[in-house]
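Novice: What shape does this take:
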Amino acid sequence: MSRYPLRSAVLGSGHPLVLLHAFPLSHLIWKNLQPPAGYQLILPDFPGFGQSPLAHPGFTLADAAESLQNNLKELGVIEPVTLGGISMGGYWALEFARQFPQSLKSLLLISTRAGADKPEGRQKRLASAEKVEEEGTGFLVDSMVPGLLGKTTMVGNKALVQLISDWIRETPPQAVSLAQRAMANRRDQEDLLPKVKVKTLVLAGKEDALIPFSESESMAKTIPNSQLHLLDHVGHLIPLEDPKNFQKILNGFLSA
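Specialist: Down below sits the predicted model:
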């Protein structure tokens, strides 16, 4: 049993496709995704989010990778997995790739980066962790939603803007604080990218205000066996902002 047990939603049957969610959301970020033909969707929640219990203070992304490996064992997954992560989930996926390369069949990196936070970004995360412990998650809505969603979505999909806002308000403050501290203290993974041996899909939205798509272009050039897709009129949360295109690109990557 893992020191930090994870809970995962599981859909369909077949080869394991594990998808890791963005901050400060949960596995519901994948709600529009259908299991691709021949694949079982495994959708873990980071500790404290969604269905997973909160971990102790000091929890790291290295701990999260170990917890994911244990969760897969508990689910009876013995073959290498296709592992994808969006934003924070991408940091988590890269740490898993570093620790458990033998458990990877292929990799998806969505709206994410390999580098660690710059000092000012790290301090901003730690300040946010302290503030959310004192005030709750309400203040995050105004500060985060315009970064999570592209300008096209912000103007044209008010229902999604409201849904993301509601999800953030419902997230436990202790989970937000835990994840912010884990991300602030994460390892720089840029040295890992040229060593990634598996087929990799890199995805980014051209309207991403949090991580410029140029960083995804750079990652795709550094990972040996990778392909890059840039989506027009989409921001950070590709699976929610353009679910049809996301499904099509994912299905094509898996069936190639």
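Novice: do you know how far the nearest residue to K197 once chain neighbours are set aside is from K206?
Specialist: In space, and not counting its chain neighbours, K197 is closest to P101: 6.9 Å by Cβ to Cβ, 6 or more residues apart in numbering. (C-beta placed from N, C-alpha, C; glycine too.) According to Cβ to Cβ, to the nearest Å, P101 stands 31 Å off from K206.
Novice: now the residue of the chain most remote from its centre: how far from L104?
Specialist: Among residues of the chain, the one most distant from the C-alpha centroid is E134; the distance is 25.9 Å, by Cα atoms, centre = their mean. Distance, E134 to L104, by Cβ to Cβ: 40 Å.
Novice: How about G50?
Specialist: Using Cβ to Cβ, one obtains 23 Å as the distance from G50 to L104.
Novice: try L6
Specialist: 18 Å.
Novice: okay, these two: which has more neighbours?
Specialist: Neighbours were counted for L6 and for L104 using other Cβ atoms under 10 Å; L6 has more, 24 against 20.
Novice: Quick check: phi and psi on that one?
Specialist: phi -100, psi 150 (degrees, to the nearest 10).
Novice: could you list every residue that touches it?
Specialist: Listed by Cβ atoms under 8 Å, 6 or more residues apart in numbering, the contact set of L6 reads 44-47, 52, 67-68, 70-71.
Novice: In helices, which of these fall?
Specialist: Secondary structure from DSSP state H places 67-68, 70-71 of those in helices.
Novice: Tabulate the residues you listed (a markdown table), appending distance to S165 and neighbour count.
Specialist: Shown next, in a markdown table, are those (distance: Cβ to Cβ, whole Å; neighbours: other Cβ atoms under 10 Å):
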| residue | distance to S165 | neighbour count |
| --- | --- | --- |
| S67 | 29 | 23 |
| L68 | 28 | 28 |
| N70 | 33 | 16 |
| N71 | 29 | 21 |
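Novice: Would you mind checking which of these is nearest to T153?
Specialist: For the ones in helices among the contacts of L6, the residue nearest T153 by Cβ to Cβ is L68; the value is 29.3 Å.
Novice: circling back: quick one: the contacts of L6 as TSV, columns for distance to L28 and pLDDT too.
Specialist: Listed next are the contacts of L6 as TSV, based on distance: Cβ to Cβ, whole Å; pLDDT from 0 to 100:
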residue	distance to L28	pLDDT
P44	12	98
D45	9	98
F46	13	98
P47	16	97
S52	13	97
S67	20	96
L68	18	97
N70	23	96
N71	18	96
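Novice: could those residues go into a markdown table alongside distance to P16?
Specialist: As requested, the contacts of L6 are arranged in a markdown table below (distance: Cβ to Cβ, whole Å):
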| residue | distance to P16 |
| --- | --- |
| P44 | 11 |
| D45 | 17 |
| F46 | 18 |
| P47 | 21 |
| S52 | 18 |
| S67 | 16 |
| L68 | 11 |
| N70 | 15 |
| N71 | 11 |
